[in-house]
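Colleague: Predicted model and sequence follow; I will ask about them next.
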Amino acid sequence: MTTDTVEKTQTTGRQFDTAALFALPVRLVIGWTYFSAFWRRVGIDDKLDPNVPGYVGEKFNHFLPNALGIGPIIEHLLTHPGLLAVAMTVFTIVEGIVGICVILGLFTRVTSLAVLGLAFGILLSAGWLGTTCLDEWQIGILGVASGFMLFLSGGGRYSMDRVLSSRYPRLAQRKWLSWLTSGEVDIKAPAVLTGSIVVLALALFTNQHFHGGVYGPLHNKSVAPEIEVSDARVAGNSLHFQLYRTQGADVYGSFLIGVSVLDDTTGDTVVQLDGAQLSRLPEAAITNRYVAKVKPGAHSLIVPLGAKAQLTIDTGSTRWNAAHSYSLVLTDISGATWKRAIETVS
């Protein structure tokens, strides 16, 4: 090896060490971000038990209504609770392993790609959530950018990769291993620029899709509850309908204080249930589809974000006229209402 080649190699090595040093704060923080998800669910509290409040599967349910592209995967898991519990456990373990490896700088480039992949999943599933700021979108897109940056820089001097390469120098000389751990790799400027532009394009596209953040109007689907009502019908003495909460804060339910049926022909209200009556609905009247459940509360009917349920309400002695048209109206405690034509009366 010539003197020029040695000097060039040493210079390149110093450049990668410097880049990794500059990236060290990001590496430590992004590593903790992922490890802390594991720690919160396992070490501080038990959030992996489907039978306790705060089950992480319910949070996962909140992602569903406006997920981008991966809604069918989320729904499949939600409709198979056993599989969902396994998936949440595996996902949590992966986050813990990835987080601690990134903090330690162990297999830095491999785990940086895992960071990028996990962040991309968060971005697509939950990028629309955030009541006061674009919380989940920011977490997702910054995770993607950070993962890409750590892949470029590697772990550098302050990493387990460097400790192991010093202990096993012959193994460290294998170029392919640097692509998995840290150290010098042949990354050309055009590749870095292309990757950076792709990340920026992803940021602009998702920001616009979820929030209208590139060009207006701005919108935030996490502020006010929105309920979709479908399959409204009357059969005998029972009113049937399906409701699905698609918007609003994930930490706060929609509280229904009114369910009424209007006779559009006469203008009369033929069925009226207030919050107290809805709070006493029997369990058999509500058929939930997902793990986030519609349920009676103390003074209303509680509809969490992402919950979908079929309701059956006894209308008693109400007389129905098949020649008339009827509308179902749901009223939230905030004053918001949702109206749906009743499709059939039989």
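Modeller: Now that the structure is in, tell me what you want to look at.

Colleague: What lies in contact with the worst-scoring helix or strand of the chain on mean pLDDT?
Modeller: None of the helices or strands of the chain scores lower by mean pLDDT, DSSP states H and E than helix 169-172, at a mean of 78. If you take C-beta atoms under 8 Å, 6 or more residues apart in numbering as the criterion, helix 169-172 is touched by Leu164, Ser165, Ser166, Leu177, Gly183. Where C-beta positions appear, they are placed from N, C-alpha and C, glycine not excepted.

Colleague: From the chain's centroid, how far away is that helix?
Modeller: 41 Å (C-alpha atoms, centre = their mean, to the nearest Å).

Colleague: Kindly report the same for stretch 61-71.
Modeller: 7 Å.

Colleague: Kindly report the same for stretch 115-129.
Modeller: Distance, stretch centre to chain centre, for stretch 115-129: 7 Å (C-alpha atoms, centre = their mean).

Colleague: average model confidence for that stretch?
Modeller: The average pLDDT within stretch 115-129 is 97.

Colleague: So which bits of that stretch are buried?
Modeller: Within stretch 115-129, the residues that count as buried by 16 or more other C-beta atoms under 10 Å are 115-116, 118-129.

Colleague: tell me the contacts of Tyr158?
Modeller: Counted by C-beta under 8 Å, 6+ apart, Tyr158 has contacts Ala20, Leu21, Leu24, Gly105.

Colleague: and with 10 Å instead?
Modeller: The neighbourhood of Tyr158, defined by C-beta atoms under 10 Å, 6 or more residues apart in numbering, consists of Asp17, Ala20, Leu21, Leu24, Arg27, Leu28, Leu104, Gly105.

Colleague: Could you dump those residues into JSON lines with distance to Val214, secondary structure and neighbour count added?
Modeller: Formatted as JSON lines, the contacts of Tyr158 follow (distance: C-beta to C-beta, whole Å; DSSP: H, G, I helix; E, B strand; the rest coil; neighbours: other C-beta atoms under 10 Å):
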{"residue": "Asp17", "distance to Val214": "37", "secondary structure": "helix", "neighbour count": "20"}
{"residue": "Ala20", "distance to Val214": "33", "secondary structure": "helix", "neighbour count": "25"}
{"residue": "Leu21", "distance to Val214": "34", "secondary structure": "helix", "neighbour count": "13"}
{"residue": "Leu24", "distance to Val214": "32", "secondary structure": "helix", "neighbour count": "17"}
{"residue": "Arg27", "distance to Val214": "30", "secondary structure": "helix", "neighbour count": "27"}
{"residue": "Leu28", "distance to Val214": "32", "secondary structure": "helix", "neighbour count": "15"}
{"residue": "Leu104", "distance to Val214": "38", "secondary structure": "helix", "neighbour count": "19"}
{"residue": "Gly105", "distance to Val214": "36", "secondary structure": "coil", "neighbour count": "27"}
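
Colleague: And those residues, which is closest to Gly143?
Modeller: Arg27 (12.5 Å; C-beta to C-beta).

Colleague: so the closest one touches Met160, yeah?
Modeller: No - using C-beta atoms under 10 Å, Arg27 is not in contact with Met160; the gap is 11.9 Å.

Colleague: Between the two, which contacts overlap?
Modeller: Joint contacts of Arg27 and Met160 (C-beta under 10 Å, 6+ apart) are Ile103, Leu104, Gly105, Thr108.

Colleague: could you dump those residues to a markdown table with distance to Ser254 and pLDDT?
Modeller: What follows is these, written out as a markdown table (distance: C-beta to C-beta, whole Å; pLDDT from 0 to 100):
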| residue | distance to Ser254 | pLDDT |
| --- | --- | --- |
| Ile103 | 40 | 98 |
| Leu104 | 44 | 98 |
| Gly105 | 46 | 97 |
| Thr108 | 44 | 97 |
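
Colleague: and of the residues you listed, the nearest to Ala285?
Modeller: Ile103 (49.9 Å).

Colleague: quick one on the thing from earlier: which one among the buried residues of stretch 115-129 gets closest to Val234?
Modeller: Nearest member of these to Val234, counting by C-beta to C-beta, is Trp128, at 34.9 Å.

Colleague: Please determine how far the closest one is located from Leu118.
Modeller: 18 Å (C-beta to C-beta, to the nearest Å).

Colleague: try Asn61
Modeller: From Asn61 to Leu118 the distance is 19 Å (C-beta to C-beta).
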